[in-house]
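Enquirer: Okay, predicted coordinates and the sequence, questions at the end:
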Amino acid sequence: MKLQIFDPPMCCSTGICGPGVDPALVEFTADLDWLKRQGIEVERYNLSQHTQAFVSNTIVSDALKKDGNNCLPLVLVDGKIVLQGAYPKRDKLAEMAGIEAPKSAFKFTIEQPESAGSSCCSGPLVKEEACCDETAEKKPDKKSSCC
């Protein structure tokens, strides 16, 4: 069983970077990690960073031709569209994967800073801080509000 998610264009692979993080994306990313720990194969593609995956998958490219970016996010299970235009909750993901969801799920609380500085999602990038670039050097001592 393989679950594939085709995300709309985002500044980084998960969309959970920068000062204006959408709590739904944080929860969805955690839910996908949970699915992986349950042994489910999960692939996630972002239109900004994985364009070829969208072009080479005829189901996805046909959906984009028909509905434009409004069909994103697009969720496929074993190559068939099971959901489009919304991120499913953990219980729905578990149902799609044919496994039982836990009775209680961990909930995230995200506090947004009042004055957020520049990040990959909110302002110009400084070359050393290309945090959303997969090839960028990760510096553990470097503080950043980005992925």
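Expert: Thanks, I have it. From a predicted model like this one, the values you see are computed outputs, not experimental measurements.

Enquirer: What part of this protein, helix or strand, is modelled with the least confidence?
Expert: Lowest on mean pLDDT, DSSP states H and E among the helices and strands of the chain sits helix 23-37, with a mean of 92.

Enquirer: which other helices and strands contact that helix?
Expert: strand 41-46, helix 90-97 (3 or more Cβ pairs under 8 Å, 6 or more residues apart in numbering; DSSP states H and E). For glycine as for every other residue, the C-beta is placed from the backbone atoms N, C-alpha and C.

Enquirer: what residues does the shortest one touch?
Expert: The list of residues contacting strand 41-46 from outside it, by Cβ atoms under 8 Å, 6 or more residues apart in numbering, reads 1-10, 12-15, 32, 35-36, 53-54.

Enquirer: Buried subset of the residues you listed, written for ChimeraX?
Expert: Only the buried entries of the contacts of strand 41-46 go into this ChimeraX selection, using 16 or more other Cβ atoms under 10 Å:
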select :3,4,5,6,7,10,12,13,14,15,32,35,53,54
